[in-house]
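Enquirer: Got a sequence here, can you model it:
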Amino acid sequence: LPSAGQSFKFGTVSSRIVPLEYTTYAELTGATFTGAVQLPAVGTSQHSLILPHGTAHSSPTNGEIWTTTSGLYARINGSTVGPFLASGSTTLDGVGNPGDNKSFTMGAYTLAFTSSTATWGGVTISNTAADPSAGALLTLGYTANGDAQTVFLDCLDNSSGDSKFKVGQHGILTMPDASAYIALGADPADQGVLRLANATVIAWEDGTECTLTHVDNTGLALNGNLEAASFTTTRTTDPQYMRLYEGNGEAGDNYFQITATAMAANVAMVAPNALPGGSNYLLNCDADGTMGWTDPSSLGAGSVNWDAIGDPSADGTIAFAGYEQDITSTLDEANHSILTITNTDADRANDTTILELADYDAADANAFFLKLTNDADGTPSTLLSISETTFLAGALAFDLGGATSLEIPNSDDPDVDAAGEISWDTDGWMRAYDGSAQVAIARKLEEIHVTVVAPNDLADAVRDKFVVWSNESGMSFIVTGWKAWSGTDNTK
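Expert: Alright, predicted model coming up:
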């Protein structure tokens, strides 16, 4: 008798009688096939395998397949895989996690992510390891060594397709849009800048160079400190300069500018490696461009040119101590002076002196304020000297032809005691010393008009006191003669 799953097999009516056989059929409640199972091909009126939609089993078996309203699923190696959908219809949330490293060969195809949601957050790649030691979140590479046209990253404007930010091979970073900028730190309010709002350092690897170039040659503005082992500024037109602004580099801000015009050769300067050891040190530069600090007290004579000395900003003093200072010149040009001191105040309200010669000594014949000397490189001769006691003139003629007056020493009884000295006595005469005594060399002329009628009629006492000359100065003199006239010869 047939067992479970088996049935008798009979021939057709027209067939010959065969021995009784039986064959095995699948039961409707389930069966296990030990051989291949072939189903009919699907046709317009022919079904094949039908898996009605249902609900996934709570404990699916490896190799099991089923369908739900979401799609086709399968149990593979202990994991449910699916739904299997048509190309382009599988959602990212339906893709399972990989079980091993995986590479996709795209061929000539591209992969694009698009979204019409205004708040779409894009694609996020995160490493959840607490302390990663290697690897990169995103690696972009070319197998072959490319050129400037090979791009690793290109950020486009969705409306126009213009490139806004591009990273190419050989370290090329381009931002074609003039309004583009890179912001490190806080979001800057202005465009066209590279701002380090909270960053403190921009670092390049050892042995590499950094070049900052502005395409329209307007310069590079630095509002903070800049430290570099070497620094190069480049402009394609003269003048070439570098500016350090006091403010934010805006119009009207003060700045310090270093300008180089029409340079015929490279100019490389090496800054000092430390600050000076004191105050008022000078910054110098050797012929090879090495800069250093110089203590002014160590400078020798002639080490600083006059035209290199800046204008003073306050009152000052130069202490020559016990040293002699000489100013020499080879000037030979008409209407030019070796030294000119000019006060440019056109209308002074206070007494000011252009040149003052002062001495701590007093009434010392050895203290000279001024000397005029000729034939200095041969046999010097003093033409004029002014000391604290004397004004001496040598072979010097005083031409006062253009003057309107000349004042000599004058007072009441101005005694003179050296040969050649003269003075004017305010009593009305000029004194001179002839080497032995004071003599009168000039006298203000005065006329004495006295009319005496009949002198004999005067009393003796009056006649004896008759005044003809009065010496008010106390100087002795001798009357050498008298002359008198009378209309009547009645004198006795």
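
Enquirer: Send me stretch 104-121 as PDB with only the CA atoms.
Expert: Presented in PDB, the C-alpha positions along stretch 104-121 are these (Å, rounded to 0.1, in the frame of the first residue of the first chain):
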ATOM      1  CA  PHE A 104      31.800  49.600  -5.700                       C
ATOM      2  CA  THR A 105      32.900  49.700  -9.300                       C
ATOM      3  CA  MET A 106      30.900  52.600 -10.800                       C
ATOM      4  CA  GLY A 107      32.400  52.400 -14.300                       C
ATOM      5  CA  ALA A 108      31.400  55.400 -16.200                       C
ATOM      6  CA  TYR A 109      28.400  56.100 -14.000                       C
ATOM      7  CA  THR A 110      27.900  58.800 -11.500                       C
ATOM      8  CA  LEU A 111      26.100  58.700  -8.100                       C
ATOM      9  CA  ALA A 112      24.000  61.700  -7.100                       C
ATOM     10  CA  PHE A 113      22.200  62.600  -3.900                       C
ATOM     11  CA  THR A 114      19.400  65.200  -4.300                       C
ATOM     12  CA  SER A 115      16.800  66.600  -2.000                       C
ATOM     13  CA  SER A 116      14.000  69.100  -2.300                       C
ATOM     14  CA  THR A 117      13.600  69.600   1.400                       C
ATOM     15  CA  ALA A 118      14.700  73.000   2.700                       C
ATOM     16  CA  THR A 119      16.000  71.600   6.000                       C
ATOM     17  CA  TRP A 120      17.800  68.600   4.500                       C
ATOM     18  CA  GLY A 121      21.000  68.000   6.500                       C
END
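
Enquirer: what comes into contact with that stretch?
Expert: By Cβ atoms under 8 Å, 6 or more residues apart in numbering, the list of residues contacting stretch 104-121 from outside reads G122, V123. For the C-beta atoms, the positions are set from N, CA and C on the backbone; glycine is no exception.

Enquirer: ok, now which ones touch L49?
Expert: L39.

Enquirer: Count the residues that sit near the nearest residue to V42 once chain neighbours are set aside.
Expert: The spatial neighbour of V42 that comes closest, neighbours along the chain excluded (Cβ to Cβ, 6 or more residues apart in numbering), is S48 at 4.6 Å. Residues lying near S48 (other Cβ atoms under 10 Å) number 9.

Enquirer: Let me know the helix or strand that S48 is in.
Expert: Assigned by DSSP states H and E, S48 falls within no helix or strand.

Enquirer: Can you pull out the low-pLDDT segments for the stretch 101-250 of the chain?
Expert: 146-149, 158, 170-171, 178-240, 248-250 (pLDDT under 70).

Enquirer: Mind jotting down where the strands sit in it?
Expert: 151-156, 163-168, 173-174, 182-184, 194-196, 240-245 (DSSP state E, counting those that start in this stretch).

Enquirer: Generate a markdown table for those, with mean neighbour count and distance to K102 as supplementary columns.
Expert: Shown next, in a markdown table, are the strands of the stretch 101-250 of the chain (neighbours: other Cβ atoms under 10 Å; distance: least, Cβ to Cβ, whole Å):
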| stretch | mean neighbour count | distance to K102 |
| --- | --- | --- |
| strand 151-156 | 13 | 22 |
| strand 163-168 | 16 | 26 |
| strand 173-174 | 12 | 31 |
| strand 182-184 | 12 | 34 |
| strand 194-196 | 15 | 39 |
| strand 240-245 | 16 | 53 |
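
Enquirer: From P176, how far off is the residue lying closest to T426 once chain neighbours are set aside?
Expert: Once flanking residues are discounted, T426 sits nearest to D412: 5.1 Å by Cβ to Cβ, 6+ apart. Distance, D412 to P176, by Cβ to Cβ, to the nearest Å: 101 Å.

Enquirer: same thing with K164?
Expert: 7 Å.

Enquirer: quick one on the thing from earlier: the residue nearest to V42 and F84: what is the separation?
Expert: Plainly put, S48 is 17 Å away from F84 if you go by Cβ to Cβ.

Enquirer: Likewise for T139?
Expert: With the distance defined as Cβ to Cβ, T139 ends up 30 Å from F84.

Enquirer: S70 now?
Expert: Counting by Cβ to Cβ - S70 and F84 are separated by 10 Å.

Enquirer: T390 is in contact with N366, correct?
Expert: No: counting by Cβ atoms under 8 Å, N366 stays clear of T390, with 10.9 Å between them.

Enquirer: excluding its backbone neighbours, what's nearest Y433?
Expert: Per Cβ to Cβ, 6+ apart, closest to Y433 is V416, 4.2 Å.

Enquirer: give the contact list for the one you found.
Expert: Going by Cβ under 8 Å, 6+ apart, V416 touches I422, S423, R431, A432, Y433, Q438.

Enquirer: Just the buried residues of the residues you listed.
Expert: Buried by 16 or more other Cβ atoms under 10 Å: S423, R431, A432, Y433, Q438, out of those.

Enquirer: Any idea what the fourth one is bridged to?
Expert: The reference is to Y433. According to DSSP bridges, the partner residues bridging Y433 are Q438.

Enquirer: tell me which element G82 falls in.
Expert: Per DSSP H and E: strand 79-84 holds G82.

Enquirer: For that strand, list every residue counted as buried.
Expert: G82, P83.

Enquirer: same question, stretch 59-76
Expert: P60, W66, T67, Y73, A74, R75.

Enquirer: and the gap between the residue nearest to Y433 and P380?
Expert: 31 Å.

Enquirer: before we move on, what about F33?
Expert: 139 Å.

Enquirer: okay, these two: which has more neighbours?
Expert: Remark: of F33 and P380, P380 carries more neighbours, 10 against 7, as counted by other Cβ under 10 Å.

Enquirer: residues in contact with the more buried one?
Expert: By Cβ under 8 Å, 6+ apart, the neighbours of P380 are T373, N374.

Enquirer: ditto for L153
Expert: L153 makes contact with L140, F165, K166, V167, according to Cβ under 8 Å, 6+ apart.

Enquirer: what about the first one, how many residues close to it?
Expert: L140: 9 surrounding residues under other Cβ under 10 Å.

Enquirer: Quick check: the gap between the closest residue to it other than its chain neighbours and I65.
Expert: Nearest residue to L140, sequence neighbours excluded (Cβ to Cβ, 6+ apart): F152, at 4.3 Å. The gap separating F152 from I65 is 43 Å, by Cβ to Cβ.

Enquirer: and what of S58?
Expert: Taking Cβ to Cβ, one finds S58 at 16 Å from I65.

Enquirer: Sort out for me which of the buried residues of stretch 59-76 are in strands.
Expert: Per DSSP state E, strands hold the following members of the buried residues of stretch 59-76: W66, T67, Y73, A74, R75.

Enquirer: Throw those into CSV and include distance to P296, thanks.
Expert: Shown next, in CSV, are those (distance: Cβ to Cβ, whole Å):
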residue, distance to P296
W66, 97
T67, 97
Y73, 91
A74, 92
R75, 92
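
Enquirer: Show me which pair in those residues is furthest apart.
Expert: T67 and R75 (13.2 Å; Cβ to Cβ).
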